[in-house]
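> fold the following for me, if possible:
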Amino acid sequence: MDEIRLETIQTNVVSAYRKAQQDFLKKSNNKRLNTWHVSDFVSECIRKSYYSKLHPEKFSPEKQSLFWFGHIVHEHTPLSKINELTMCYDIEKDKALTPDEVLEMPLDDLGTIITGTLDDLMKIGDKFVIADKKTYSGSSYYKKTSPDYSYDLQVNIYRVLLKETYGIDAEFGCLLYLDKMNNLDPTPIAFELKPIDETKEKMRYILSELRKGQTPEPNVCWLCNGKNKKGQIYCSYVDLCKQDGGRTE
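Next up, the predicted model:
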């Protein structure tokens, strides 16, 4: 029998693990509709969203484990019977659409449509609540105490889409933060959602900024100012932004 090195065994086991992650992600990722997505609307800097459409980032293999972990959490922890609900809404026409209808539409007609998929819709007492799971690295030194701006806006946009597509008005949202550094310890943060008309107005504004044909004004924030414990920059378009007259301080 041929001898086998321990390093060879280790390499093969890790390769099998990476392949299992890849296969799972391929199965979990449904075809993405060629519309705007809620993620395009919730960045604290509209210019970042604008750049992401002009210069989309390639998938980084280094982030595969993070995406895999996120999918595992969402797929195997449904909080209600209504989960992973996809909704489409034409912002300009104020009209709901089904994903199948959007798939059949010409590309030129998709420029004012936004698509979003909420995690879970719960009914607590007589109130509907949009619940959304978010992982973060907190450990013992950091615990979430309030909703992140982008997640707050995300759930508010879900409220609009849900009301328009299914006629259900969720007055409350709840972000379930899960600490990756502390056994996925859950921190729920519930909050009252903003009036639907107010969020629609914000959506129309963001859409106009993304479609007006010129670079939106930058918003200097945690994405690019490096004012965090690690001094890290979280926007990959900083250099491009500077070339276009942006600033990071």
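
> drop to CA atoms for contacts and neighbour counts, all remaining ones
Fine.

> what residues sit buried inside stretch 34-46?
35-38, 40-46 (16 or more other CA atoms under 10 Å).

> please apply the same query to stretch 110-128.
Buried residues in stretch 110-128 (16+ other CA under 10 Å): 110, 112-122, 128.

> what lies in contact with it?
33-38, 74, 78-92, 102, 129-133, 155, 158, 161, 168-172, 207 (CA atoms under 8 Å, 6 or more residues apart in numbering).

> can you say which of those are buried?
33, 35-38, 74, 83-84, 86-91, 102, 129-133, 155, 158, 161, 169-172, 207.

> keep only those of the contacts of stretch 110-128 that are in strands.
Among the contacts of stretch 110-128, the ones falling in strands (DSSP state E) are 36-37, 82-90, 129-133, 172.

> how near is the residue lying closest to Asn34 once chain neighbours are set aside to Val102?
Nearest residue to Asn34, sequence neighbours excluded (CA to CA, 6 or more residues apart in numbering): Leu110, at 7.3 Å. Going from Leu110 to Val102 by CA to CA, to the nearest Å gives 8 Å.

> measure the spatially most central residue of the chain to Tyr158 for me?
For the chain, the residue sitting closest to the mean C-alpha position, by CA atoms, centre = their mean, is Ser39 at 4.7 Å. Between Ser39 and Tyr158 the distance is 11 Å, computed by CA to CA.

> just the mean pLDDT for stretch 70-87, thanks.
Confidence for stretch 70-87, expressed as mean pLDDT, is 92.

> hmm, who's touching that stretch?
So stretch 70-87 is contacted by 25, 28, 97-99, 115-122, 133, 135, 161-162, 165 (CA under 8 Å, 6+ apart).

> just the ones of these in strands?
Using DSSP E, the contacts of stretch 70-87 in strands are 97, 115-122, 133, 135.

> columns pLDDT and distance to Gln243 on top of these, output as a markdown table?
Formatted as a markdown table, the ones in strands among the contacts of stretch 70-87 follow (pLDDT from 0 to 100; distance: CA to CA, whole Å):
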| residue | pLDDT | distance to Gln243 |
| --- | --- | --- |
| Leu97 | 96 | 39 |
| Thr115 | 96 | 31 |
| Gly116 | 96 | 32 |
| Thr117 | 95 | 35 |
| Leu118 | 96 | 36 |
| Asp119 | 96 | 38 |
| Asp120 | 97 | 41 |
| Leu121 | 98 | 43 |
| Met122 | 97 | 46 |
| Lys133 | 95 | 36 |
| Thr135 | 90 | 34 |
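
> which of those lies closest to Leu6?
Thr135 (34.9 Å; CA to CA).

> so what's that closest one closest to, chain neighbours aside?
Leu178 (4.6 Å).

> okay, the longest helix seen in the chain in CSV with CA atoms only?
In the chain, taking DSSP state H as the definition, the longest helix is helix 6-28. In CSV, the C-alpha atoms belonging to helix 6-28 read as follows (Å, rounded to 0.1, in the frame of the first residue of the first chain):
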residue,chain,number,x,y,z
LEU,A,6,-0.3,13.8,6.6
GLU,A,7,-0.1,17.1,4.7
THR,A,8,-1.8,15.4,1.7
ILE,A,9,-4.7,14.3,3.9
GLN,A,10,-5.1,17.7,5.4
THR,A,11,-5.0,19.4,2.0
ASN,A,12,-7.7,17.0,0.6
VAL,A,13,-9.9,17.5,3.6
VAL,A,14,-9.8,21.3,3.3
SER,A,15,-10.4,21.1,-0.4
ALA,A,16,-13.5,18.9,0.2
TYR,A,17,-14.7,21.5,2.7
ARG,A,18,-14.3,24.4,0.3
LYS,A,19,-16.1,22.5,-2.4
ALA,A,20,-19.0,21.7,-0.1
GLN,A,21,-19.3,25.4,0.6
GLN,A,22,-19.2,26.2,-3.1
ASP,A,23,-21.8,23.6,-3.9
PHE,A,24,-24.1,24.9,-1.1
LEU,A,25,-23.8,28.5,-2.3
LYS,A,26,-24.6,27.5,-5.9
LYS,A,27,-27.8,25.7,-4.8
SER,A,28,-28.8,28.5,-2.4
